[in-house]
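Asks: Just need the structure, nothing else, for what follows:
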Amino acid sequence: MIDDEAFAASLIPDKTPLFVINSQASQHSDVYLRVQTSGTMRFPIKIWSFNSYIKYKNRYNLFAGVYYGILTVLFFITFVIFFYHRLHSYVCFAMFVLSAGIFFSLQDGTFFEITCPEIIRWKYNIYIFAGTMSIVILTKFVYELFVPKTVTLYLRLMYYIVFCMGILATIAPFFFETSVGLLLLSILSMASFVPNFVAGVIGIRAGKKSAIYFLAGLLFLMTSITVFTLRGFGVLPVNVVTLYAKDAGVLVMILITSIGIVDVFSNYRIQSITDSLTGLVNRRYFFDLAQKEIDRSIRYGSKMSLILIDVDYFKKINDKYGHSAGDRVLYELALNLKSGLRSIDNIARLGGEEFVCVLPDTNLSRGLIVAERLRKKVEAMEVVYDKYLIKCTISAGVAVSDPDQCSIGSLLETSDMALYRAKRAGRNMVFGKETAD
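Replies: Predicted coordinates:
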C-alpha cells in the first residue's frame, strides 16, 4: 500500500493505509512492511483486532464530526457579522476558517473520502496549497484588523516577506517535489508568527480588546505546533494529545479569536444604539423603543407617558465655562435623570441638550409627578468642573398616549407644546397635556 493511491482503490476503505493480517490468536506470523518516502517521516504501526478498530473508527468519526461542525458554524457566524458591518477583515477571518478546515480535511483524507474518492489523494499536493493559503489569509486578517496605517516600515516589510513566501509555497507543490512544498509551509508557519505576534501587541496597546483574544489564541496555536513537531522528532511520545495537537491548536485559536470578534460585534451594536457622550440610548434607537411601548399600550389598553426635557439656558453654560464643561454637565445630568426612573422606563438623548423619557403604564398625573421629581433632582445637582461649581435647571413637557390610537409623532408634538408653555412661564417648570391622534 502506498500513499499515492486513491481512496476508492484501497483494499480497506479508510483514510489511512490498512491491510489485513490473516493470523490465528496463537499463531506466529512474519510480516514485512516496506516504507519508502522522499523526506523524513515517522511511520507509527499499530495492530488492531477487528472490534477494536471499529470502536476506534467510531470515536474518530465522532471527533471529526464535532471538529468540522464547529468550524462550519464559526465560518457562517463570521460571515453574518461581515454582512452586518461590512468589514473586510471579517471576510479574511471567515476565509481563514474555511481554508483551515479544507487543509485538515485534505491532510487526513476526509475531503477525498466524501467528495471524490477516485482522485489520487496526494498527487497534486493541494493540501500544501490549502495550508499555505490559510496562513496567508490569517496574516492578512491580522494586518487588516490590528496594523495601523502609521506602522513602521520594518513591520510592513515583515508582512511583505510573509506574503511573498506564501506565494512561493502556494505554487511550489505544482512544480517541485512534495518535500519542497512541505519545507516552505513549515518555514512560512514559523515566519508568520513574528509579525502576527507584533501586530497583536500593537492592537492591545491601541486598546483593541479583540487583540487580547487573538494573541492568546496565537500563543496556544504555536504551543500546539511545537508539541506536534517535537512528537515528529521523537522527543515526545505518540498519543492522542501529541498526534492531534496541531488540529486542536487551530480549533482553539479560531474559537478564542471568534470570541473576540463577537465581542467587537457586540460593542459595535452597543455603540450604534448609544449616545457616546451620555451613555444613554440615542435618538434612532429611542424611536424603535417608543414605538414598541406605544404598540403595547394600545394592545393592552394602558396609558403611556412621554416626558420631553430641555436644559434651561444651556448655551450660557457653554459660553461661560466652555464646551468641555457643558459636556460634563450633560453627562452628570443624564446620570441624575436615569437614577430617578424605574427599570422599565426608557430615557434617551434626542440631541443637544434635549432628553426624552418613556414611562409605560403611566397616566398624566403620575407622569407629572415623575417629571417634577426629575426637575427637583436636577435643581439640586452640583457639577464640579475644574475650579467651577456649575448648577443648572430643566423644563419639562409631559404628554400621555391615548389607549385607542396614538403615534410617537403626536406624543412628541404634544409634549413639545407643554415644554414651550413651561419655558414661557419662566422655565424650571413642568407642564403636561393628554393627546389623541
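Asks: what about stretch 154-171, average pLDDT?
Replies: Mean per-residue pLDDT for stretch 154-171: 78.
Asks: ignore the last one, stretch 183-190
Replies: The average of the pLDDT scores along stretch 183-190 is 80.
Asks: which parts of that stretch are buried?
Replies: The neighbour-count check on stretch 183-190 (16 or more other C-beta atoms under 10 Å) flags 184-185, 188-189 as buried. Where you see a C-beta, it was placed from the backbone N, CA and C, and this is true even at glycine.
Asks: cool, stretch 216-224 as well?
Replies: For stretch 216-224, the neighbour count (16+ other C-beta under 10 Å) marks 216-222, 224 as buried.
Asks: got the contact list for it?
Replies: Identification of contacts with stretch 216-224 by C-beta atoms under 8 Å, 6 or more residues apart in numbering yields 193, 196-197, 200, 245-246, 248-250, 252-257.
Asks: Please repeat the previous calculation with a cut-off of 7 Å.
Replies: For stretch 216-224, contacts defined as C-beta atoms under 7 Å, 6 or more residues apart in numbering pick out 193, 196-197, 200, 245-246, 248-250, 252-253, 256-257.
Asks: then that stretch to PDB, C-alphas only?
Replies: Taking Å, rounded to 0.1, in the frame of the first residue of the first chain, the C-alpha atoms of stretch 216-224 are listed here in PDB:
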ATOM      1  CA  ALA A 216      -4.000  34.200  23.500                       C
ATOM      2  CA  GLY A 217      -5.200  32.000  20.600                       C
ATOM      3  CA  LEU A 218      -2.000  32.600  18.600                       C
ATOM      4  CA  LEU A 219       0.200  31.600  21.600                       C
ATOM      5  CA  PHE A 220      -1.900  28.400  22.100                       C
ATOM      6  CA  LEU A 221      -1.600  27.600  18.400                       C
ATOM      7  CA  MET A 222       2.200  28.000  18.400                       C
ATOM      8  CA  THR A 223       2.500  25.800  21.600                       C
ATOM      9  CA  SER A 224       0.400  23.100  19.900                       C
END
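Asks: let's number from 28 now, not from 1
Replies: With the count now opening at 28, the last piece we talked about shows up as stretch 243-251.
Asks: related to what we said a few turns ago, name the nearest of the buried residues of stretch 210-217 relative to residue 127.
Replies: Using C-beta to C-beta, residue 216 comes nearest to residue 127 of the buried residues of stretch 210-217, at 11.8 Å.
Asks: Against residue 192, how distant is the closest one?
Replies: 10 Å (C-beta to C-beta, to the nearest Å).
Asks: biggest helix in this structure, by residue count?
Replies: Taking DSSP state H as the criterion, the chain has its longest helix at helix 77-112.
Asks: Which is the succeeding secondary structure element to the host helix or strand of residue 182?
Replies: For residue 182, the host element (DSSP states H and E) is helix 180-198. Next in sequence after helix 180-198, counting helices and strands by DSSP H and E, comes helix 205-218.
Asks: I'd like to know which elements that following helix is packed against.
Replies: If you count contacts as 3 or more C-beta pairs under 7 Å, 6 or more residues apart in numbering; DSSP states H and E, helix 205-218 packs onto helix 153-173, helix 180-198.
Asks: Tell me what angle the shortest one forms with helix 153-173.
Replies: So that's helix 180-198. 160 degrees (axes from the mean of the first three to the mean of the last three C-alpha atoms, to 10 degrees).
Asks: and helix 180-198, what does it pack onto?
Replies: Right, helix 180-198 is packed against helix 153-173, helix 205-218, helix 220-232 by 3+ C-beta pairs under 7 Å, 6+ apart.
Asks: all strands in the protein, in order from the N-terminus.
Replies: Here the chain has its strands, by DSSP state E, at 331-338, 373-378, 381-387, 410-412, 415-417, 421-427, 457-461.
Asks: looking at these, which is closest to residue 205?
Replies: Nearest of these (C-beta to C-beta): strand 373-378, 63.1 Å.
Asks: picking up where we left off before, between the contacts of stretch 243-251, which is closest to residue 383?
Replies: The closest of these, once distances to residue 383 are taken by C-beta to C-beta, is residue 284, at 39.9 Å.
Asks: What part of this structure, helix or strand, is modelled with the least confidence?
Replies: Of all helical and strand segments in the chain, the minimum by mean pLDDT, DSSP states H and E falls on helix 137-141, at a mean of 75.
Asks: on that earlier part again, for my notes, please list the buried residues of stretch 243-251 in CSV and give pLDDT and distance to residue 161 for each entry.
Replies: Putting the buried residues of stretch 243-251 into CSV (pLDDT from 0 to 100; distance: C-beta to C-beta, whole Å) gives the following:
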residue, pLDDT, distance to residue 161
243, 91, 19
244, 89, 14
245, 88, 14
246, 90, 18
247, 90, 16
248, 87, 11
249, 86, 15
251, 88, 15
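Asks: closest one to residue 122 among the strands of the chain?
Replies: Comparing the strands of the chain by C-beta to C-beta, strand 373-378 comes nearest, at 39.2 Å.
Asks: which of the residues in that closest one are buried?
Replies: Residues 373-377 are the ones in strand 373-378 that count as buried (16+ other C-beta under 10 Å).
Asks: so what does that strand touch, helix or strand wise?
Replies: Short answer (3+ C-beta pairs under 7 Å, 6+ apart): strand 373-378 packs on helix 310-327, helix 350-366, strand 381-387.
Asks: Now render the ones you listed as JSON lines, adding distance to residue 443 and mean pLDDT.
Replies: Listed next are the helices and strands packed on strand 373-378 as JSON lines, based on distance: least, C-beta to C-beta, whole Å; pLDDT from 0 to 100:
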{"stretch": "helix 310-327", "distance to residue 443": "14", "mean pLDDT": "87"}
{"stretch": "helix 350-366", "distance to residue 443": "18", "mean pLDDT": "92"}
{"stretch": "strand 381-387", "distance to residue 443": "10", "mean pLDDT": "93"}
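Asks: Which parts of the chain belong to which domain?
Replies: 77-300, 310-461 (automatic domain parsing).
Asks: any idea which of the ones you listed scores lowest on pLDDT?
Replies: Minimum mean pLDDT among the domains of the chain: domain 77-300, a mean of 80.
Asks: End to end on that one, go ahead and measure it.
Replies: End-to-end distance for domain 77-300: 61 Å, by C-alpha to C-alpha, to the nearest Å.
Asks: Run the chain-centre distance for that domain.
Replies: Distance, stretch centre to chain centre, for domain 77-300: 16 Å (C-alpha atoms, centre = their mean, to the nearest Å).
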